[in-house]
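In: Predicted model and sequence below, questions to follow.
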Amino acid sequence: MIPLSWGNIHCVPVIHGRLAFAIEVRKHLLSRSFAAVAVELPASLKQGFEAAITQLPQVSVVVYREQPAFLEPEAPWSYVPVQPADGIVEAVRIAQRERIPVAYVDAELEAFHDRGRSLPDPHMIRSLGLEAYHNACLPLIGAVSESDVVREQHMAAKLRELQRVFEEDILFVCGLAHWARVREHLDADSGSLYDGHPIPPELVEVRPAHPRSIPHLLGEIPYLVGRYEQHRAGFELEDFEPIVPLKELLLTTRRIHERDDAGSLERAEPQRLRVLLDYARKLTVSKSALVPDGYDLIVAAKGTIGNDFALHLLTVANLYPHNSPDARGSQADDGWAHWIEDVYQEHGGADLFDLDPEPSSEESSDSAEQGSAERDDWIASAIRMTADRGLLDGAEVGLRNRLPGTLFSMGKLQLERRPHWDQRKAFEEQWNESMQCSWPPEDIVIENFRDYVGKRALSLVSIGSTRSEPFQTSFLDGIDIRSTLRDVVERRIHVKEEPRMPGAVGALVIIFEEDDFGEKFPWRTTWMAEHDNESTLSFYATDYRENLIGPGIARAHYGGCLLLYPPIGIPDVWNDMRFERARTPSERLLLSALYWSQDRYVVHVAKRPPRPEVQEEATRRGKHLIHLPLSTFGRTTLERIRRVHVLNGQHVRTWAHRFIR
């Protein structure tokens with residue numbers, strides 16, 4: 001066992017970029033007093049690093065070159081990510097607030113290059129403790145490089161100097177791989193200063209991180225880091241528990257999904273969320289981890305709920321509004337989750353990371369110009385990067401992390417993203433209003449539903465005519481269980497006969513929602529059947545032009561619809577003066593069904609039965625009106641029936657399958 005202290009030096013070995021170690025550093029600094037804080041960074045980065053600290057909670061990157069470009073034009077840039085979930089950042093941040101001196105004790109090493117390591121899940125610290133976790137990781141650290149030896153000797157010598165200056169306790173924050181050997185040098189007094197060349201100040205820059213770069217810079221889910229930042233800024237006395245924000249993440253995503261995709265077939269019901277969490281747990285255990293990462297959650301979301309929910313989860317999980325040029329600032333007073341939802345809605349949902357948002361006509365020209373100038377300056381200074389490549393001042397450069405964390409690999413997951421706002425605008429401009437048709441797979445679904453409802457309605461009508469008699473030579477339409485049990489003493493079997501009712505169902509009216517004034521469902525039209533197996537369809541629905549999902553493809557949702565079968569050609573129901581006495585659009589559809597139905601039975605599926613006046617109209621026309629409550633049908637079935645895709649011509653059917661899910 002290697003203690004985490006040596007004399008008055010107390011060490012917190014960390015894995016860079018991991019939240020669990022930032023929490024440990026915070027606990028140490030706030031639980032006792034320290035005369036000084038020493039961190040694993042060279043002194044030449046002090047000015048840039050502390051300048052980036054003052055910009056928190058905005059995530060920044062300290063980028064630098066060890067040699068001017070004219071000497072080594074192809075040399076990669078090095079960078080230090082400055083973000084709230086890093087132990088060294090947390091140490092310097094608290095030290096600045098508490099006015100504790102900070103010493104930068106790493107060596108000025110030329111051509112510095114460290115490497116990430118594969119180590120156990122840092123969340124084990126909560127149960128094992130920091131010292132036990134550190135000792136458990138020592139066998140996994142691997143071989144020692146020459147640069148590691150030089151740096152560790154230099155850090156040991158610097159810590160010796162600090163001991164001569166400060167008699168009180170000193171907190172030393174370094175990478176987990178270094179403390180054991182630094183302590184050996186302290187024991188043997190074998191530390192030695194390395195006479196390296198400091199990085200020139202003019203080669204060090206501080207840049208804000210582009211929103212799309214946040215997932216590559218943070219070692220945790222950005223939503224989780226943002227939630228931690230909100231926690232540390234508050235007055236909560238309890239320790240930060242990372243599992244709770246992950247649950248909040250799923251619930252926030254569900255509210256956004258239900259609001260933005262109200263007509264989606266994907267429903268984040270409690271049962272599905274339970275399956276999602278179980279799936280994510282199994283993915284996490286397969287990687288020998290304790291807490292799921294963002295990739296595990298999104299894979300589980302797509303597999304259990306669907307593409308649209310997974311897209312919302314991907315966006316919300318990577319949401320860190322402090323690095324958005326439009327959404328930066330303090331969170332709302334009504335809580336973190338509501339703040340996230342407001343920011344998500346205000347800045348375009350899945351387009352939140354887009355720095356070219358859809359222009360708003362509500363802004364004044366002066367404020368728009370001022371805001372645009374500020375945004376342009378911020379965007380020009382932001383660095384867009386992955387783990388090893390970056391776009392700096394329009395040029396692509398190689399990058400290497402001065403504080404690498406654990407090794408990670410990029411996983412692949414195919415998600416169908418919504419079209420960008422400029423694509424939607426192009427789709428709208430190309431739309432031909434004189435050409436409309438349906439999507440055949442949806443036609444099959446609704447026609448099968450019409451056939452099922454017709455048979456169900458006729459079976460209900462025939463119930464009153466069912467006849468029961470003792471079994472003689474034929475079982476007729478089956479055994480009558482009730483009559484048989486009643487006469488069980490006589491040991492007699494009764495059979496039933498269900499006579500076929502004359503006539504058929506000629507019209508089906510389905511009312512999903514009422515809309516008296518056409519505010520929610522303004523689109524009203526009548527479609528003729530393309531062939532004999534289709535019904536004549538009249539409906540009122542949402543405006544399809546507000547939801548263009550592909551070239552020549554739009555999505556709408558029925559408020560109510562009428563299906564006439566066998567199909568016949570009829571005038572547009574919505575312009576037919578014979579139905580002007582209807583009080584609501586749903587009643588107009590029902591009156592039209594009674595007028596145009598070629599068979600005796602008309603089925604009405606709605607929340608409430610029709611008015612008595614409509615029943616009288618059915619009797620006058622010799623029709624039998626059958627009402628079926630909407631609640632007797634499954635919600636998933638109704639949602640599949642209710643959604644309709646509008647294609648801008650039959651030729652669009654050749655590529656529509658690529659955009660319709």
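Out: Looks like it came in fine. Numbers count the residues shown, from 1 in each chain.

In: where are the low-confidence patches of this structure?
Out: 1, 67-75, 111-117, 237, 262-265, 325-372, 374-376, 407-409, 463-465, 499-502 (pLDDT under 70).

In: which helix is the longest one in it?
Out: Scanning the chain for the longest helix, with DSSP state H as the assignment, gives helix 440-462.

In: ok, what's across the strand from the residue nearest to Val165 when sequence neighbours are not counted?
Out: Nearest non-adjacent residue to Val165, counting by Cβ to Cβ, 6 or more residues apart in numbering: Ala36, 7.7 Å away. Every residue, glycine included, has its C-beta placed from N, CA and C. Assessed by DSSP bridges, Ala36 has beta-bridge partners Ile170.

In: burial of Ala36, as a residue count?
Out: Residues lying near Ala36 (other Cβ atoms under 10 Å) number 20.

In: middle-most residue in this structure, spatially?
Out: Centroid-nearest residue in the chain: Leu313, 1.2 Å away (criterion: Cα atoms, centre = their mean).

In: Which strand or helix spans it?
Out: helix 307-317 (DSSP states H and E).

In: Pull the distance from that helix to the chain's centre.
Out: For helix 307-317, the separation from the chain centroid amounts to 2 Å (computed by Cα atoms, centre = their mean, to the nearest Å).

In: can you dump the C-alpha coordinates of it into PDB?
Out: Extracted in PDB, the C-alpha atoms of helix 307-317 (Å, rounded to 0.1, in the frame of the first residue of the first chain):
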ATOM      1  CA  ASN A 307     -34.600   6.700 -33.700                       C
ATOM      2  CA  ASP A 308     -36.400  10.000 -32.800                       C
ATOM      3  CA  PHE A 309     -36.100   9.500 -29.100                       C
ATOM      4  CA  ALA A 310     -32.400   8.500 -29.500                       C
ATOM      5  CA  LEU A 311     -31.800  11.700 -31.500                       C
ATOM      6  CA  HIS A 312     -33.300  13.900 -28.800                       C
ATOM      7  CA  LEU A 313     -31.300  12.000 -26.200                       C
ATOM      8  CA  LEU A 314     -28.100  12.500 -28.200                       C
ATOM      9  CA  THR A 315     -28.700  16.200 -28.400                       C
ATOM     10  CA  VAL A 316     -29.700  16.700 -24.800                       C
ATOM     11  CA  ALA A 317     -26.900  14.500 -23.500                       C
END
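
In: what are the ranges of the strands in the stretch 401-550 of the chain?
Out: 467-470, 494-497, 505-511, 523-527, 536-541, 548-550 (DSSP state E, counting those that start in this stretch).

In: Can you give the strand pairings for the longest one, parallel or anti for each?
Out: Under the criterion DSSP bridges, strand 505-511 sits next to strand 553-564 (antiparallel), strand 601-606 (parallel) in its sheet.

In: between the last one and helix 440-462, how many degrees?
Out: Pointing back at strand 601-606 there. With axes from the mean of the first three to the mean of the last three Cα atoms, to 10 degrees defining the directions, strand 601-606 sits at 110 degrees from helix 440-462.

In: elements contacting the next helix or strand after strand 601-606?
Out: Downstream of strand 601-606, the next assigned helix or strand under DSSP H and E is helix 612-620. The contact analysis (3 or more Cβ pairs under 8 Å, 6 or more residues apart in numbering; DSSP states H and E) places helix 612-620 against helix 585-596, strand 624-629.

In: And the residue lying farthest from the centre of the chain, how far from Asp515?
Out: Within the chain, the residue lying farthest from the chain centre (Cα atoms, centre = their mean) is Glu490, at 65.9 Å. Using Cβ to Cβ, to the nearest Å, one obtains 58 Å as the distance from Glu490 to Asp515.

In: Also Arg418?
Out: 26 Å.

In: cool, and Leu19?
Out: According to Cβ to Cβ, Leu19 and Asp515 sit 49 Å apart.

In: Among these two, which residue is more densely surrounded?
Out: The residue with more neighbours, out of Leu19 and Asp515, is Leu19; 26 against 20, by other Cβ under 10 Å.

In: How about the more buried one, nearest residue that isn't a chain neighbour?
Out: Once flanking residues are discounted, Leu19 sits nearest to Ala85: 4.2 Å by Cβ to Cβ, 6+ apart.

In: Now the one you found: phi and psi?
Out: Main-chain torsions, Ala85, degrees, to the nearest 10: phi -90, psi 20.

In: cool, and Pro201?
Out: According to degrees, to the nearest 10, Pro201 has phi -60, psi -30.

In: Now do the contacts for it.
Out: Ser44, Gln47 (Cβ atoms under 8 Å, 6 or more residues apart in numbering).

In: related to what we said a few turns ago, report the contact partners of the residue nearest to the centre of the chain.
Out: Counting by Cβ under 8 Å, 6+ apart, Leu313 makes contact with Leu249, Leu250, Thr253, Leu297, Ile298, Ala301.

In: tell me the secondary structure for Glu238?
Out: Secondary structure, DSSP: H, G, I helix; E, B strand; the rest coil: Glu238 is coil.

In: I'd guessed Thr584 sits against Phe517; true?
Out: No - contact criterion Cβ atoms under 8 Å: Thr584 and Phe517 do not qualify, at 9.4 Å.

In: Those two: which is more packed in?
Out: Neighbours were counted for Thr584 and for Phe517 using other Cβ under 10 Å; Thr584 has more, 16 against 9.

In: so what's the more buried one closest to, chain neighbours aside?
Out: Closest to Thr584 by Cβ to Cβ, 6+ apart is Asp516, at 5.2 Å.
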